[in-house]
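**Q** show me how the following folds:
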Amino acid sequence: MVVLAMTIVQRAFGFLRGILFCRLMDDSVVGQWAMAFDFIIMITPVMLFGMPGSLPRYVETYRQQGHLRSLVKRLLISTAILGSVFLVAMLVAPDWFGWLIFLDSNSQALTYSVAMGVLATIAFNFVHQLVSSLRQIRVGSVMQFLQSVFFTLFALTWLIAGGGIVGVIVSFAIASLVAMLPGLWTLSKGWSGLPQSESRFDAPSMWRRLLPYAAALWAMNLLSNLFEMSDRYMILHFTTGSEVAGQSAVGQYHSGRIFPVLLLSLATMISGVLMPYLSADWESGRRREVVEQMRKFLTAISLFFTAGSAAVLVIAPWLFATLLENRYSDGLALMPMAFVFYIWASIAIVGQDYLWVAERGKWVGIAITLGLIANIALNGYLLPIWGLQGAVIATLCSHAIVLSGVWIAMVRCDFRFDSVMLLISLLPATLLLGPITALFFVAIIPATNQQVQNWMLDGLMQVKARWGLPKVAHAVLPARMLD
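**A** Presented below is the predicted three-dimensional model:
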């Protein structure tokens, strides 16, 4: 519960930070921040070839063998070397990196601040991965919580004092380094107590075992990050006009994603929580139960996310007028489509858990690759014609392709796709018809489908058994649902 509470507060800080960034900065500066942050998040796992990401897979294995120190030492050295190579590249060619990230080759200070952010993120991620791999989940959650809180405090203080975008990026780097301290303290306290083997460590064997896994992880990270960020890079580099026009378009797009991206964050958390339970059922031979559990969760995600999105769309005009001072009209206009493709992305993220437990994860990569190709091609065609609206339509279509690919792969792995699964896939698209229409369809699906009603009853019974139901539930729900 402590971890869940910290996660919720962390997401709240992130949401508040996004709103205040849009309020305190022009849309072009917001676009610069969005591109800087996206680049930091994308390049960090890619440049390290997935090696720190292999820690969760192999830490326990080498800890039991008494060789964890040797494993961590070699990964740390490799990470430091690769990070240094990247730093040298940015120092040697700041103008090229400035053009790539910001479409501005004349601001070396921006490029150097991004380099600081990348190095700080490398250090933070390495410590966080190691702490989490040692099952210090609370410490890892504290690190993420502190990173979000300190970044919010540092960056907002800087902006209120009249600072610019370089200071915001540096604030992120400083917050990441400060947030490492709980993890470093935990590691230093327990490092001496690790099991230590008397046998010689076989480094070549370690690399032969680790590198294929790291390469697969690297490829998946590369595909996922490119797919997630390709729309912003296409908007920046293909929007007609000056670099400021491209940066402003990215800023408008960023404002329209502030609310929808919360759904993706929540879906990622749900996916991570579900995976161990699905894996346990799968390995125990209860594969039919895995299918049914997955169908229930996907239905719930579609219904609740669509209902929540519709509620936000009802109040969005007031929020953009009041909180964002009517400066992000393009962001408001694209928000319905952003909600649709982020709900589709959420369904795909949770649904791909089924493919991973079935050991068919390669189909996820194939689906993302097809979506990436479609996104780039459609953006290249639609951006010059319809501008930002064309980019959002392209992203919407590419997410539909990815979701379709995930569904097809799941069906090939004996997942039951029926009319209910079709309905929950189409339900988010009703947001394009208006929030009231979407809420109507959200109510219609459980009202007219006995299977969905049974799932809802089952969910209520589980809630009642674990926490009880509030008095309002007894007042509103039929007695047969509560007996």
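
**Q** pLDDT on the strand or helix carrying V452, on average?
**A** Element membership for V452 (DSSP states H and E) is helix 450-467. Computed over helix 450-467, the mean pLDDT rounds to 71.

**Q** in contact with A310: list those residues for me.
**A** By CB atoms under 8 Å, 6 or more residues apart in numbering, the contact list for A310 reads 431, 435-436, 438-439, 442. The way it works is simple: take the backbone N, C-alpha and C, and place the C-beta from them, glycine included.

**Q** these in helices, which ones?
**A** Counted as lying in helices by DSSP state H, out of the contacts of A310, are 435-436, 438-439, 442.

**Q** of these, closest to S404?
**A** A438 (21.0 Å; CB to CB).

**Q** hang on, that closest one packs against I445?
**A** No. If you go by CB atoms under 8 Å, A438 and I445 don't touch, sitting 11.2 Å apart.

**Q** who has more neighbours out of these two?
**A** A438 (25 against 18; other CB atoms under 10 Å).

**Q** residues in contact with the more buried one?
**A** 306-307, 309-310, 313, 427, 430-431.

**Q** now, the residues you listed that are in helices?
**A** Per DSSP H, the contacts of A438 map to helices at 306-307, 309-310, 313.

**Q** of the residues you listed - the most surrounded one?
**A** Within the ones in helices among the contacts of A438, neighbour counts (other CB under 10 Å) peak at S309, which reaches 28 neighbours.

**Q** contacts only, for that residue.
**A** Here S309 is in contact with 259-260, 263, 339, 343, 428, 431, 435, 438 (criterion: CB under 8 Å, 6+ apart).

**Q** looking at those residues, which one is closest to L319?
**A** F259 (8.5 Å).

**Q** pLDDT on the helix or strand that S28 is a member of, on average?
**A** Using DSSP H and E, S28 maps to helix 27-47. Here helix 27-47 scores 92 as its mean pLDDT.

**Q** who are the packing partners of the next helix or strand after that helix?
**A** Toward the C-terminus, helix 27-47 is succeeded by helix 55-65 as the next helix or strand (DSSP H and E). Counting contacts by 3 or more CB pairs under 8 Å, 6 or more residues apart in numbering; DSSP states H and E, helix 55-65 is packed against helix 68-92, helix 108-133, helix 203-238.

**Q** list the buried residues of helix 55-65.
**A** The neighbour-count check on helix 55-65 (16 or more other CB atoms under 10 Å) flags 55, 58-59, 62-63 as buried.

**Q** contacts only, for V118.
**A** So V118 contacts 40, 43-44, 47, 83, 86-87, 90 (CB under 8 Å, 6+ apart).

**Q** now, which of those residues sits nearest G251?
**A** Taking the contacts of V118 together and measuring to G251 by CB to CB, the closest member is I40, at 17.4 Å.

**Q** wait, the closest one touches T121, no?
**A** Yes. Using CB under 8 Å, I40 makes contact with T121 at a distance of 5.5 Å.

**Q** okay, now the domains of the chain?
**A** Domain ranges of the chain: 1-189+205-229, 259-461, per automatic domain parsing.

**Q** related to what we said a few turns ago, with neighbour count added, can I get the contacts of V118 in TSV?
**A** Output for the contacts of V118, formatted as TSV (neighbours: other CB atoms under 10 Å):
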residue	neighbour count
I40	23
I43	20
T44	24
M47	16
G83	20
F86	19
L87	16
M90	21
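
**Q** make JSON lines from the residues you listed and add distance to D26 to it.
**A** Listed next are these as JSON lines, based on distance: CB to CB, whole Å:
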{"residue": "I40", "distance to D26": "21"}
{"residue": "I43", "distance to D26": "26"}
{"residue": "T44", "distance to D26": "27"}
{"residue": "M47", "distance to D26": "31"}
{"residue": "G83", "distance to D26": "32"}
{"residue": "F86", "distance to D26": "30"}
{"residue": "L87", "distance to D26": "30"}
{"residue": "M90", "distance to D26": "26"}
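
**Q** phi, psi of E198?
**A** phi -80, psi -20 (degrees, to the nearest 10).

**Q** correction: M51
**A** With angles defined as degrees, to the nearest 10, M51 sits at phi -70, psi -50.

**Q** residues in contact with Y277?
**A** With CB under 8 Å, 6+ apart, Y277 has these contacts: Q293.

**Q** for M269, that is, sorry about that
**A** The contact partners of M269, by CB under 8 Å, 6+ apart, come to T7.

**Q** what helix or strand is it located in?
**A** Per DSSP H and E: helix 260-283 holds M269.

**Q** residues of that helix that come out buried?
**A** 260-267, 270-271, 274, 278, 281-282.

**Q** so can I have TSV of these showing distance to V411?
**A** Formatted as TSV, these follow (distance: CB to CB, whole Å):
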residue	distance to V411
P260	27
V261	29
L262	30
L263	24
L264	24
S265	28
L266	26
A267	21
I270	22
S271	19
L274	19
L278	17
D281	19
W282	17
